[in-house]
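Trainee: below are the sequence and a predicted model for it; my questions follow.
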Amino acid sequence: MTLSTSAAILLVVAGAWNLFIWPQFAKRIIADPRSRDEHGGRTTFFTVHAVLISVSLALGLSVGFIGVIALF
């Protein structure tokens, strides 16, 4: 299967967007008071968002990689 150049560029942009946005979101989640309980332990709020961020970063990296491969 081959991708058009415009589709490959779209994948690279989408991957880059994810790799730019999600770390910024992670910083806000870490600083959010709901991320820690009164004893300093991680809450479900933190865990759910950490999984969401991890999966999104992995998908962004994969999509971007596919786009780069399709360009060459």
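Mentor: Done, it's in.

Trainee: use CA for all of it now, contacts and neighbours both
Mentor: OK.

Trainee: and the residue nearest the centre of the chain, how far from S4?
Mentor: By C-alpha atoms, centre = their mean, the chain has its centre lying nearest to L57, at 2.7 Å. Separation of L57 from S4 (C-alpha to C-alpha, to the nearest Å): 24 Å.

Trainee: just the helices in the chain please.
Mentor: 5-31, 44-71 (DSSP state H).

Trainee: quick check: angle from the shortest one to helix 44-71?
Mentor: Calculated by axes from the mean of the first three to the mean of the last three C-alpha atoms, to 10 degrees, helix 5-31 forms an angle of 160 degrees with helix 44-71.

Trainee: return the distance of the nearest residue to P23 once chain neighbours are set aside relative to I30.
Mentor: Of all residues not flanking P23 in the chain, I53 sits nearest, at 7.8 Å (C-alpha to C-alpha, 6 or more residues apart in numbering). Here I53 is placed at a distance of 12 Å from I30 (C-alpha to C-alpha).

Trainee: over to A14?
Mentor: Distance, A14 to I30, using C-alpha to C-alpha: 24 Å.
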